[in-house]
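S.K.: Based on what follows, work out the 3D shape:
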Amino acid sequence: MSFLPKLLHDGGPLVYVILAFGALAFLLFLERSLYFLRARVDTEELFHGLMNHLRNNNLKEAIANCDNKTGMVGEVFRNAIERWEDGPEAIHKSAEESIRLNIPKLENNMKLLASISNIAPVIGLLGTLFWMIKIFEKLGQPGGQFVATVALAGEMKGALVCTAAGLIVALAAQLFYFFLLEQIDRITLEMNKAASEICYFLCSNPAQKKDKEGK
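M.R.: Numbers count the residues shown, from 1 in each chain. Below is the predicted model:
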């Protein structure tokens, strides 16, 4: 029997539960990582392209650029541009609202990932307790004082495997969580940067607004 399957066998059924949580944590990490990868965009490049369209009063082209796989930053730009004619207050409010609505999308499943990092070691300790109960049951039987150490080694190993599995899964889930949290902070910073830049540009160019209204 190879090493890993033997450990799983020695650890008992709760080890499989812990590993199932570990697999779920990895799937959540993979899904969030791909989502964040699609959500990120070169804010400076997109903004400079939009400025060229806006200076030429090409609003349709600017909005089309925002919708062209530009993620959440593009949504912030688009919502602000759509409220250009409504004045500075409406522009700022639209950009802030876009950020506020996108943050829950970024944080989706993060609580579940954090829960796994807390639950896994508890399940591991529970498995350890079950194994220890079995050990004391053997020792409490008639003649238990003569039970050989070799006979108890399996139960002791199972208890340690449960604890180790729970801690390993918890550690991995925590690392996944903090890595994803860093990505959320970066994307949020990019959205705030985008909101600041587009609001400043639109609010400081009233002539563009007048040209648009005069058409």
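S.K.: burial measure for residue 13, as a count.
M.R.: 9 (other CB atoms under 10 Å). Every residue, glycine included, has its C-beta placed from N, CA and C.
S.K.: Same question for residue 16.
M.R.: Count around residue 16 with other CB under 10 Å applied: 12.
S.K.: Just the pLDDT for it.
M.R.: Predicted confidence (pLDDT) for residue 16: 88.
S.K.: One more: the one 5 residues further on?
M.R.: Reading off the confidence values, residue 21 has pLDDT 95.
S.K.: Next, the buried residues of the strand or helix carrying it.
M.R.: Using DSSP states H and E, residue 21 falls within helix 13-39. Within helix 13-39, the residues scored as buried using 16 or more other CB atoms under 10 Å are 14-15, 17-19, 21-22, 24-26, 28-29, 32, 35-36, 39.
S.K.: from those, which is closest to residue 109?
M.R.: The closest of those to residue 109 turns out to be residue 28 (CB to CB; 5.1 Å).
S.K.: tell me the contacts of the closest one?
M.R.: Taking CB atoms under 8 Å, 6 or more residues apart in numbering as the contact definition, residue 28 lies against 109, 112-113, 116, 176.
S.K.: where's it relative to residue 14, distance?
M.R.: Separation of residue 28 from residue 14 (CB to CB, to the nearest Å) stands at 21 Å.
S.K.: sorry, back to before: who are the packing partners of whichever helix or strand comes after the helix holding residue 21?
M.R.: Using DSSP H and E, the next helix or strand after helix 13-39 towards the C-terminus is helix 43-55. If you count contacts as 3 or more CB pairs under 8 Å, 6 or more residues apart in numbering; DSSP states H and E, helix 43-55 packs onto helix 59-66, helix 71-82, helix 149-203.
S.K.: can you list the ones you listed in a markdown table and add distance to residue 51?
M.R.: Converted to a markdown table, the helices and strands packed on helix 43-55 look like this (distance: least, CB to CB, whole Å):
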| stretch | distance to residue 51 |
| --- | --- |
| helix 59-66 | 9 |
| helix 71-82 | 10 |
| helix 149-203 | 6 |
